[in-house]
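> Sequence and predicted model, in that order:
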Amino acid sequence: MIEHILTPTTHDLGQFEVRRVLPAKKRSMVGPFIFVDQFGPAQLDLGSGMDVRPHPHINLATVTWLFEGAIDHRDSIGSFATIRPGQVNLMTAGKGIVHSERSPAAERNAGPRLYGMQTWLALPDGREEIDPAFEAVTDLPIVEDGRARAIVIMGELWGERAPTTTHADTIYAEIVLGAGGAIPLEEDADERAVMLVGGEASVDGHELKLYELAVLQPGRDMTLESKSGARVMLLGGEAFENKRHVWWNFVSSSRDRINQAKEDWRERRFPEVPGDSEERIPLPEGEPKTVTYP
């Protein structure tokens with residue numbers, strides 16, 4: 001029932017840890033998901049916070065989902081939103097966008113909490129160069145059944161469809177199980193995976209380990225259950241046929257397009273972020289290798 005078990009690489013950023021589970025050697029994508037980070041839970045020092053300076057993206061969409069805390073998002077098309085639990089932020093980079101992510105001032109004064117998910121979705125063939133866009137969606141369907149509660153973040157699950165834009169067939173949900181809770185994992189998606197981010201849970205008797213990504217076999221109905229309570233992320237969707245190249249913050253089906261994006265960032269041809277343009281993240285030193293998936 002489990003195709004792959006992917007163990008994350010943990011990056012210690014001082015006051016909190018980030019666990020990156022995709023891409024991995026065993027598996028590069030699950031549906032359109034090409035990058036999956038989990039961060040926290042963490043309590044940051046008073047007066048401090050997260051500060052991700054302006055940086056660029058192309059040919060992908062970023063999805064931010066929080067369990068605790070808040071993040072101010074600003075981007076080069078003029079969007080501003082404070083991300084909080086229960087709200088999904090979808091930023092479609094398309095032909096190019098720049099954004100920053102920082103802890104709000106009020107959160108810094110209280111000692112920020114950080115706990116959530118940051119994922120990237122590769123844009124499908126023919127849609128990689130669409131216009132950049134941003135949406136913050138709070139009116140998300142909730143499925144409840146006794147000791148199981150699920151928020152449908154993207155796509156259609158359990159008969160409910162989220163209003164969040166999808167560029168390829170995508171499923172994404174947060175599932176919270178109480179003690180003795182269970183929920184079916186439908187088999188409709190081409191590819192799907194689950195990540196335990198709190199508590200304990202199993203899929204058809206297979207125990208999940210904290211922060212690992214369990215890629216499930218397609219075409220099989222399964223049941224997610226917990227004896228004592230759990231929080232689990234379900235993700236996946238349409239399988240991509242064509243390769244994607246990844247370099248730094250750039251994802252594309254074309255190496256030439258990534259090289260152009262590198263040059264554009266180096267020469268400051270990307271637009272700036274209103275209200276947050278004094279500082280930006282430079283291109284990585286040493287020209288890291290472009291990785292091709294699958």
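Looks like it came in fine. Every value quoted in this text rests on a predicted model; they were computed, and no experiment measured them.

> use CA for all of it now, contacts and neighbours both
Will do.

> give the contact list for the residue nearest the centre of the chain.
Of all residues in the chain, the one closest to the mean position by CA atoms, centre = their mean is Thr119, 1.6 Å from it. Contacts for Thr119 (CA atoms under 8 Å, 6 or more residues apart in numbering) come out as Phe33, Ile34, Phe35, Val36, Asp37, Thr62, Val63, Thr64.

> contacting residues for the residue nearest to it when sequence neighbours are not counted?
In this structure, Thr119 finds its nearest non-sequential neighbour in Val36, 4.5 Å apart by CA to CA, 6 or more residues apart in numbering. Residues counted as contacts of Val36 (CA under 8 Å, 6+ apart) are Arg20, Val21, Leu22, Pro23, Met117, Gln118, Thr119, Trp120.

> Next: Glu68.
Shown in contact with Glu68 (CA under 8 Å, 6+ apart): Pro41, Arg84, Pro85, Arg113, Leu114, Tyr115, Gly116.

> In helices only, show me those residues.
Here DSSP state H is the test, and those give no hits in helices at all.

> need those residues in CSV with pLDDT, neighbour count and distance to Glu225, can you?
Conversion of the contacts of Glu68 to CSV gives the following (pLDDT from 0 to 100; neighbours: other CA atoms under 10 Å; distance: CA to CA, whole Å):
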residue, pLDDT, neighbour count, distance to Glu225
Pro41, 88, 18, 23
Arg84, 96, 19, 27
Pro85, 97, 15, 23
Arg113, 84, 23, 28
Leu114, 87, 24, 26
Tyr115, 92, 21, 22
Gly116, 95, 21, 21
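
> Check which helix or strand Leu235 maps to.
strand 230-237 (DSSP states H and E).

> just checking, what packs against that strand?
Secondary-structure packing of strand 230-237 (3 or more CA pairs under 8 Å, 6 or more residues apart in numbering; DSSP states H and E): strand 170-177, strand 191-199.

> still on that earlier bit, closest to Phe250 out of the contacts of Val36?
Comparing these against Phe250 with CA to CA picks out Trp120 as the nearest, at 10.4 Å.

> show me where this protein has helices.
So, for the chain - with DSSP H - the helices run 105-110, 255-266.

> circling back: got the contacts of Glu68 as JSON lines, with distance to Ile183 columns?
Below are the contacts of Glu68 laid out as JSON lines (distance: CA to CA, whole Å):
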{"residue": "Pro41", "distance to Ile183": "25"}
{"residue": "Arg84", "distance to Ile183": "25"}
{"residue": "Pro85", "distance to Ile183": "22"}
{"residue": "Arg113", "distance to Ile183": "29"}
{"residue": "Leu114", "distance to Ile183": "27"}
{"residue": "Tyr115", "distance to Ile183": "23"}
{"residue": "Gly116", "distance to Ile183": "22"}
